[in-house]
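J.: Just the structure for this:
(chains A, B and C)
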Amino acid sequence: MKNKRSADDEKKGKWTRLALIAFCEIFLLIFLAIPLVYILCVAFREGWKVYYASISDEYAVKAAWLTARATAWAVGINTIFGLCAAWALTKFAFCGKKIISALIDLPVTVSPIIAGLIFVLTFGRQSFLYPYLEKWGIQIIFAEPGIVLATIFVTFPFISRELIPVLNAAGTDEEEAAALMGASAWTIFRKVTFPHIKWSLLYGIVLCSARAMGEFGAVSVLSGHLRGKTNTLPLYVELLYQGYDYTGAFAASSLLVVMTVVVLVLRVWLEKRGGKELDVQK
Amino acid sequence: MNENATPNSVELRGINKYYGDFAASRDVELSVAKGKLVALLGPSGSGKTTILRMIAGLEKQDSGDILIDGKVVNDVPGSERGIGFVFQSYALFRYMNVYDNIAFGLKVKKKSKDEIDARVKELLKLISCEGLEKRYPSQLSGGQRQRVAFARALAPNPRLLLLDEPFAAIDAKVRLELRSWLRQTINRLGITSIFVTHDQDEAIEVADEIIVTNKGRVEQIGPPKELYAKPATPFVAKFIGNSTIIEDYGKFRYFKSRGESSYAIVRPEFVSVYKRGENKYYQASAEEGTVVDVAFRGSNMEIRVDLLGSTLSTLRGINEPLVEVGERVDVFVHRLFTVSDDNVAILENETLRKESVVL
Amino acid sequence: MKFRTKESVVPGFGLAFGTTMAILGLIVIIPLCSLVVFSANLSLADFWKTVTSPRVLSGYWVSVSTAFIASVVNAVVGLALAWTLVRYDFPGKRFIDGVIELPFALPTAVAGISLTHLTTENGWVGKFFLETFGLRIAYTRVGIVVALIFIGIPFVVRAVQPVLEKIDPQCEEAAFIMGASPRRTFWSAIFPEILPALISGFSLAFARCIGEYGSVVFIAGNIPYKTEIAPLLIMSQLQEFDYASAASIALVMLLIAFLILSVNAFVQSCVSKRGGGLA
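T.: Predicted coordinates:
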């Protein structure tokens, strides 16, 4: 009796296994891979020359540069922020830690459109800051600074969130030991703390750049949609698509797809690398 | 003042420390003489680690003064107090090899390369870890890690060495070896050292002097023998040794009760058990008891006997004739600690007093 | 009460904390405050009129209902994916594990136009579905759900995966030795362990999908009362420079997201009190 039942179970288990694996692969193939492949197909359907013309278009290049600049800003600011916040939140005890962590995580759950909206309300015409900004001749919304701010906002927690769990797990003993020997904050950070977070930081930077390059909603609110001036690559894609230039839109998209693939490959590599290091140093 | 002529290495005066409502230290007064190896002993939560961390400057006391070498160091940061600290977890820098770990404190002090190299080599020899320079902490055994942490703390020549539960993370067999190694090494170096432990055997075996803490207070300070023979407070009497509490000790023959509210503490070494007629000397003053339990403890037997309704525990050598559970035996109680109104006193068996037998 | 609850010997608190608060203030706190300040100046009557207008209400309904359906689908599929990735070994596992993150890394606008173009009547997938099932995907609510499933899948998988990896195999072995069938073992020994993580992943995906814009706006077709999502309503108010209406609609959306996350936080705290959860 018993044996028969377990044999049945085994058979059932095997079928469940195969069914699940098949489901998994088919789902991911249809859902995730086809859209990606499709972009490349459409981008190249009129041949290499049209593709090249599309991506070397003056406005496309300018949009790519703007995207690169905004991304660089976002990564730079968020790296500084991530390191400082992770260090402050994990190595010291003070009041209001929970509120600060909640505020750091908030931008991910806010709709990108609302993210754009709050910057419009802060720096726009109806804001009390507006007269001052105008006096000093600073334009933020519908200009590059607005795009940069929105990009920083939507990618805000990406780096700190990678670092905080790692530093929490490492504890503060090593830092205290170093401090007792008279090491300065900079020395402690460089020699003791940083080696722990090296790989997580890189991983965070990769994630942050991916999201920064691809941000659409928030940037769309804050951009003036001026071709060659305040159009980022995703906005440029939208513009072409709405203008029924599908080949152009998909060609520009293919640049972003390449970047996505690079990010995913880097991700796998970093995880492998960081994981190996972790095994050795445990 | 005499005190200034040979200042104590460490002195704490009226230290208080609260975490919210929890009193970690209450009016702590203690001093440690130069060159001594001192244990801070107490149950967990008794405030012993807090005292150590305050001396190191890792915590700041709410009130009171900390003196190192006769100078008040309340406002001196931990890094300038000239101390070496060995963490419970060792806190070795996981991403530095053994050499860099030991050299860290010297590098921070901007010593010359040759000087650092010489000192690290010397310490590696001291901890017998030559050849392990290039290893990372993860590639060391528990005992090696502990010794590296020790060497790292010693590297900048501190005047005071503090060790937080130095043996807690090591398995039992290595722990015994490390204890005597640590004791010998510290004695040879002559550095004043304070270590925290909750294990009385460890404190008694390693330390020159023991500071017993309980509920944030210092209960008693003294050499191990003195703590053992003359506990100053009921807590120390109960905590040190393997004690049994007897409420109505007046029922034993030759012991006179010291009042209603008093009770007695009996240690295994205060009690002897003899097979009937085995020992002629105490025969007359012994009382009859029944063996309740016999447990083999390796080098001796632990025997629990029922005497007039109280269970006493004692040790008996394995070379002596065996006793069995249920056997009627002669029980002789040499002495007791009696506790009344927080005072501890020794109460000798009256027959012993008459014959003036030495402790 | 003292601000620093415990002094530390580790130096550098001032600089790190100062920088953190300065950047946090400029990027998050001041902009959020300006939303609050701006909303405080709205008249309650106008606010109520805006958020209860039929078009806005239908926008909320479209956003919340499609996000809910997509998140339910994602919870089921995500659990299956996480299970397969943790428990089974099969060719291409590493590749699949990497691909899960694709929706997260792929720019939303790119995902949006690709999914749209694929599912229109002339697209590869759209044509197939229209001819076989008579089902239109692009420019319907089905399309919105499809886009949201695409966006939400990594949230669930990444929430469940680590918990599933940590489950003590001894629990399962114990159940097995006592003679429980694999199905029974799953439901009684494993599922309760991963439920908190699953709820957490579901809530995150749900909150995220309600606010999603880039990938949805192309496939939705934006037909008022049918496929017009709430974020798009904010967008069109902004294009007309009607900041008051935009802020009103946004406030309600923030409230909904806040509610979802609070419910999740409450569930998680109950679980951790019970002491049984790993999440």
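
J.: which residues of the stretch 101-250 of chain B fall in helices?
T.: Assigned by DSSP state H, counting those that start in this stretch, the stretch 101-250 of chain B shows helices spanning B:113-126, B:142-154, B:172-189, B:200-206, B:224-229, B:234-239.

J.: residues in contact with residue C:35?
T.: A:117-118, A:121, C:247, C:250-251 (CB atoms under 8 Å, 6 or more residues apart in numbering or on different chains). In this view, the C-beta of every residue, glycine as well, is placed from N, C-alpha and C.

J.: And residue C:108, by the same measure?
T.: Contact analysis of residue C:108 by CB under 8 Å, 6+ apart lists A:214-217, A:234, C:151, C:212-215.

J.: swap the cut-off to 10 Å and go again
T.: By CB atoms under 10 Å, 6 or more residues apart in numbering or on different chains, the contact set of residue C:108 is A:112, A:211, A:214-217, A:234, C:147, C:150-151, C:212-218.

J.: Just the ones of those residues in helices?
T.: A:112, A:211, A:214, A:217, A:234, C:147, C:150-151, C:214-218 (DSSP state H).

J.: Close to chain B: what parts of the stretch 101-250 of chain A are there?
T.: For the stretch 101-250 of chain A, the contact set with chain B under CB under 10 Å from any CB of the partner chain comprises A:170-184, A:187-188, A:191-196, A:198.

J.: got the buried residues for stretch C:248-264?
T.: Judged by neighbour count (16 or more other CB atoms under 10 Å in any protein chain shown), stretch C:248-264 contains these buried residues: C:248-254, C:256-257, C:260-261, C:264.

J.: Take the helices of the stretch 101-250 of chain B and write them to JSON lines, including mean neighbour count and mean pLDDT.
T.: As requested, the helices of the stretch 101-250 of chain B are arranged in JSON lines below (neighbours: other CB atoms under 10 Å in any protein chain shown; pLDDT from 0 to 100):
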{"stretch": "helix B:113-126", "mean neighbour count": "15", "mean pLDDT": "94"}
{"stretch": "helix B:142-154", "mean neighbour count": "23", "mean pLDDT": "92"}
{"stretch": "helix B:172-189", "mean neighbour count": "15", "mean pLDDT": "88"}
{"stretch": "helix B:200-206", "mean neighbour count": "19", "mean pLDDT": "90"}
{"stretch": "helix B:224-229", "mean neighbour count": "16", "mean pLDDT": "89"}
{"stretch": "helix B:234-239", "mean neighbour count": "21", "mean pLDDT": "89"}
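
J.: and residue B:28, how far is that from chain A?
T.: To chain A, residue B:28 is 21 Å away according to CB to the nearest CB, to the nearest Å.

J.: In contact with that residue: list those residues for me.
T.: With contact set as CB under 10 Å, 6+ apart, residue B:28 has these partners: B:12-17, B:47, B:50-51, B:54, B:61, B:64, B:66, B:211, B:213, B:216-218.

J.: and if you look at residue C:248?
T.: By CB under 10 Å, 6+ apart, the contact set of residue C:248 is C:39, C:42, C:46-51, C:56, C:234, C:237, C:242.

J.: What's the PyMOL syntax to select whichever of the residues you listed are buried?
T.: Here is the PyMOL command that selects the buried residues among the contacts of residue C:248 (16+ other CB under 10 Å):
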select buried, chain C and resi 39+42+47+50+51+56+234+237
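
J.: In strands, which of the contacts of residue C:248 appear?
T.: The strands, defined by DSSP state E, take in nothing from the contacts of residue C:248.

J.: Pull the most distant pair out of the contacts of residue C:248.
T.: Maximum pairwise distance among these (CB to CB): 17.1 Å, between C:48 and C:234.

J.: What residues are bridge-paired with the closest residue to residue B:62 other than its chain neighbours?
T.: Leaving aside its chain neighbours, residue B:62 sits nearest to residue B:16 (5.0 Å; criterion: CB to CB, 6 or more residues apart in numbering or on different chains). For residue B:16, the beta-bridge partners under DSSP bridges are residue B:63.

J.: Does residue B:16 touch residue B:60 like I think?
T.: No. Counting by CB atoms under 10 Å, residue B:60 is not a contact partner of residue B:16; they are 11.4 Å apart.
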